[in-house]
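Visitor: need a 3D model of the following:
(2 chains)
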Amino acid sequence: MNESEFNKKIKKAQRTAYQAAFATAIATALLLFSIYYPTFLVFKNNETQLSTVTLDEDRIENGIHVRTGLVDAEGLMTVVNNCTNCHSSKLVTQNRMNAERWNETIKWMQEKQNLWDLGENQKIIVDYLVKNYPPKKVGRRMQLTDIEWYELQD
Amino acid sequence: MERRSFVKKATLGVFATLLGTDIVYGAKMLEGYKPLGLQEPDPFKLFKKNKEMVVLNDKPWNIEPKAHLLDDKVTPNAAMFIRNNGKIPYEIDAEKWTLTIDGESVKKQKTYSLQDLKTNFKHYTYQLTIECGGNGRSEFNPPAKGNQWTLGAVHCASWTGVRLKDILADVGIKDDAVYIGYHAADVHLSGDPSKEPISRGCPISKAIQEETLLAFKMNGEDIPVAHGYPLRLVAGGWPASVSGKWVNRISIRNKVHDGAKMTGTAYRVPCKPVSPGEKVKDEDMCIIESMPVKSLITYPKSGAIIKKGKSLDIRGHAWAGELEVSAVEYSIDFGATWQKCSLDKPANRLAWQHFSASIEFPKSGYYEVWAKAIDSNGNAQPMVVPGWNPKGYLNNACHRIAVKVS
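Guide: Just a heads-up that it's a prediction; the model follows:
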């Protein structure tokens, strides 16, 4: 090894040392910054609640998809993904129709509300809706139900 | 939101590179960020609504009160139903708000600032009954599609504004004008800016009624955002959809307005009565104009238990679209016999009227108190759900409450 090669190696080592020092300085600065300004550091406040939200986004409780209130049955996620982007799932769960009328409703949404072509998913969706949200037979006037009785005070 | 998410992602990346180590909760954190941001705010706080109101739909917002929440003579915001067809406008700047009058039948298009309207025209205040065309839809069989309103989609607030007729006179309209159509700042559910969520209207004859207002105040204050701030067209007695919210343009048309939800089956009923479930062609559907006679018992709340020998005081409101209510009766024997209620005159035309009665029950047991209003043409509310129609409009069947005498 001659002198110039030795000098080159020394310089290279110096450069590497400077780079490492520089990187460490930046890392230290950022860490200090985040200690003094905790809001800058994303994982400080939210870690517990956020990790549960992530895990449970599509959780099912008592046969109900919690996030949307839809019944857990074959086709659920196809319905969630195609039917709850533009409107609330509440608009689905409060309606009851047969296949013909659900299909008409889809056609109406495609004509008037920018619903995309559902392709093979349409049958999955309509089957799900008819099975889980079919029409109920009611008369021209139902009995009063769900009465919450209370003592009327003067 | 998206920008912040990006900044956080970038920050996290810088940290990982510099420290040469994994950030333990990093992955979960970034995935989890979005769902948290998507959580809905509390609508009752957001819109200052009574906690007992029922949310039918949260995208778009559709919220209705139960009958007993409508007991006030002038409906406060807290008990007013919300029926939105699209998304509430993202940004509303009343200072820069304008109203343009245009259309085939306007002599010359004209634009007013909100301030112009307030300073250049006389103000009027009316109490106006506004009922959703689909109020009572939940009782139709076969079921009609849409938000399943029970009976609370009606209110009678006090509205202050300028008469539309004064503005039309100022602009000048042609002799061939037949209809007006409003346009507004709300956003289509799909987000498509070329589509309007709703753009309805009324014939010129309704537009030039004295009570048809372009309102900027409700119950003496700025109109709440969910009810149309800063400018709402208010046409009492007609389906609430005629009373367009967030209005920024009114077109004077030489034909029936053909905006969103004016055509097809929207806010229309069969021109001739049809059997339940029957298919009706679009051309056989007619636009709903005046709403039918109806009433609500607002006190007591359904489910009252009273002691035998005590009388029960009931009260509520009755309305009849363009007409006045001439009588209200009640029955405690499922309509076998009817007794008269006392009935007030309306505060002004198109305002609901208040009724009351004191009821004696012959023996203990379960009762239903039914109320029936009769309009000035002699039309009464039916006891059963009236004629079926494809979209489930105009259910004006008698309201009833459950009472137990113990």
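
Visitor: let me see the ranges of the helices in chain B.
Guide: Along chain B, counting by DSSP state H, helices occupy B:2-19, B:26-38, B:43-46, B:114-120, B:164-171, B:204-207.

Visitor: for chain A, same thing?
Guide: With DSSP H as the criterion, chain A has helices spanning A:3-36, A:47-56, A:76-83, A:90-93, A:99-112, A:121-132.

Visitor: which residues of chain A score low on pLDDT?
Guide: A:1-4, A:6, A:28-55 (pLDDT under 70).

Visitor: swap the cut-off to 80 and go again
Guide: A:1-56, A:136-139, A:154 (pLDDT under 80).

Visitor: and the gap between the spatially most central residue of chain A and residue A:65?
Guide: Geometric centre of chain A, nearest residue: residue A:57, 5.8 Å, by CA atoms, centre = their mean. Distance, residue A:57 to residue A:65, by CB to CB, to the nearest Å: 10 Å. In short, each C-beta sits where N, CA and C put it, glycine included.

Visitor: residue B:155 and residue B:130 touch, don't they?
Guide: Yes - between residue B:155 and residue B:130 there is a contact under CB atoms under 8 Å: 5.9 Å.

Visitor: okay, the two: which has more neighbours?
Guide: Legend: neighbour count by other CB atoms under 10 Å in any protein chain shown for residue B:155 and residue B:130, higher for residue B:130 (29 against 25).

Visitor: list the contacts for the residue lying closest to the more buried one once chain neighbours are set aside?
Guide: Excluding the flanking residues, the one nearest residue B:130 by CB to CB, 6 or more residues apart in numbering or on different chains is residue B:240, at 4.6 Å. Contacts for residue B:240 (CB atoms under 8 Å, 6 or more residues apart in numbering or on different chains) come out as B:83, B:130-133, B:153.

Visitor: please report how far residue B:240 lies from chain A.
Guide: As defined by CB to the nearest CB, to the nearest Å, residue B:240 lies at a distance of 18 Å from chain A.

Visitor: got the contact list for the nearest residue to residue B:222 once chain neighbours are set aside?
Guide: Spatial nearest neighbour of residue B:222, excluding adjacent residues (CB to CB, 6+ apart): residue B:229 at 5.9 Å. Residue B:229 makes contacts with B:92, B:94, B:222-223, B:246, as judged by CB under 8 Å, 6+ apart.

Visitor: before we move on, the earlier item: which of the contacts of residue B:240 fall in strands?
Guide: B:83, B:130-131 (DSSP state E).

Visitor: reformat these as CSV; add pLDDT.
Guide: Formatted as CSV, the ones in strands among the contacts of residue B:240 follow (pLDDT from 0 to 100):
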residue, pLDDT
B:83, 95
B:130, 98
B:131, 98
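
Visitor: burial measure for the closest residue to residue B:97 other than its chain neighbours, as a count.
Guide: Excluding the flanking residues, the one nearest residue B:97 by CB to CB, 6+ apart is residue B:114, at 4.3 Å. Other residues lying near residue B:114 total 19 when counted by other CB under 10 Å.

Visitor: now for residue 134, how many residues are close by?
Guide: Using chain A here. Neighbours around residue A:134, by other CB under 10 Å: 13.

Visitor: chain B, not that one
Guide: 25.

Visitor: wait, isn't it in contact with residue B:146?
Guide: Yes - using CB under 8 Å, residue B:134 makes contact with residue B:146 at a distance of 5.7 Å.

Visitor: which residues do those two both contact?
Guide: Between them, residue B:134 and residue B:146 share the contacting residues B:391-392, judged by CB under 8 Å, 6+ apart.

Visitor: about what we covered before: and the residue nearest to the centre of chain A, how far from residue B:61?
Guide: 23 Å.

Visitor: equivalent analysis for residue B:137, please.
Guide: 17 Å.

Visitor: out of the two, which sits in the busier spot?
Guide: More neighbours surround residue B:137 than the other of residue B:137 and residue B:61, with 24 against 19 (other CB under 10 Å).

Visitor: quick check: that one touching residue B:152?
Guide: No - Residue B:137 lies out of contact with residue B:152 (CB under 8 Å); the separation is 11.9 Å.

Visitor: sorry, back to before: residue contacts, the residue nearest to residue B:97?
Guide: B:94-95, B:97-99, B:216, B:230-231.

Visitor: again, only using 7 Å
Guide: B:94, B:97, B:216, B:230-231 (CB atoms under 7 Å, 6 or more residues apart in numbering or on different chains).

Visitor: so among those residues, which ones count as buried?
Guide: B:97, B:216, B:230-231 (16 or more other CB atoms under 10 Å in any protein chain shown).

Visitor: show me which pair in these is furthest apart.
Guide: Longest distance between any two of the buried ones among the contacts of residue B:114 is 9.4 Å, between B:97 and B:216; criterion CB to CB.

Visitor: mutual contacts of the two, please.
Guide: With CB under 7 Å, 6+ apart, residue B:97 and residue B:216 have common neighbours B:114, B:230-231.

Visitor: make JSON lines from those and add pLDDT to it.
Guide: Shown next, in JSON lines, are the shared contacts of residue B:97 and residue B:216 (pLDDT from 0 to 100):
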{"residue": "B:114", "pLDDT": "98"}
{"residue": "B:230", "pLDDT": "98"}
{"residue": "B:231", "pLDDT": "98"}
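
Visitor: run through the residues that contact residue A:68.
Guide: A:80, A:84, A:89.

Visitor: which of the residues you listed come close to chain B?
Guide: Among the contacts of residue A:68, no residue sits close to chain B (CB under 7 Å from any CB of the partner chain).

Visitor: dump these to a markdown table, plus neighbour count.
Guide: Converted to a markdown table, these look like this (neighbours: other CB atoms under 10 Å in any protein chain shown):
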| residue | neighbour count |
| --- | --- |
| A:80 | 17 |
| A:84 | 19 |
| A:89 | 19 |
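
Visitor: count the residues that sit near residue A:60.
Guide: 14.

Visitor: what's the burial count for the residue lying closest to it once chain neighbours are set aside?
Guide: Nearest residue to residue A:60, sequence neighbours excluded (CB to CB, 6+ apart): residue A:72, at 4.7 Å. If you count neighbours by other CB under 10 Å, residue A:72 ends up with 15.

Visitor: so for the nearest residue to residue B:138 once chain neighbours are set aside, what's the pLDDT?
Guide: Leaving aside its sequence neighbours, residue B:138 sits nearest to residue B:148 (CB to CB, 6+ apart; 4.0 Å). Note on residue B:148: pLDDT of 94.

Visitor: check contacts around residue B:148.
Guide: A:94, B:56, B:137-138.

Visitor: how about the contacts made by the closest residue to residue B:164 other than its chain neighbours?
Guide: The shortest distance from residue B:164 to any residue other than its chain neighbours is 4.9 Å, reached at residue B:212 (CB to CB, 6+ apart). Taking CB under 7 Å, 6+ apart as the criterion, residue B:212 is in contact with B:163-164, B:206, B:235.

Visitor: tell me which of those residues is nearest to residue A:147?
Guide: residue B:235 (36.2 Å).
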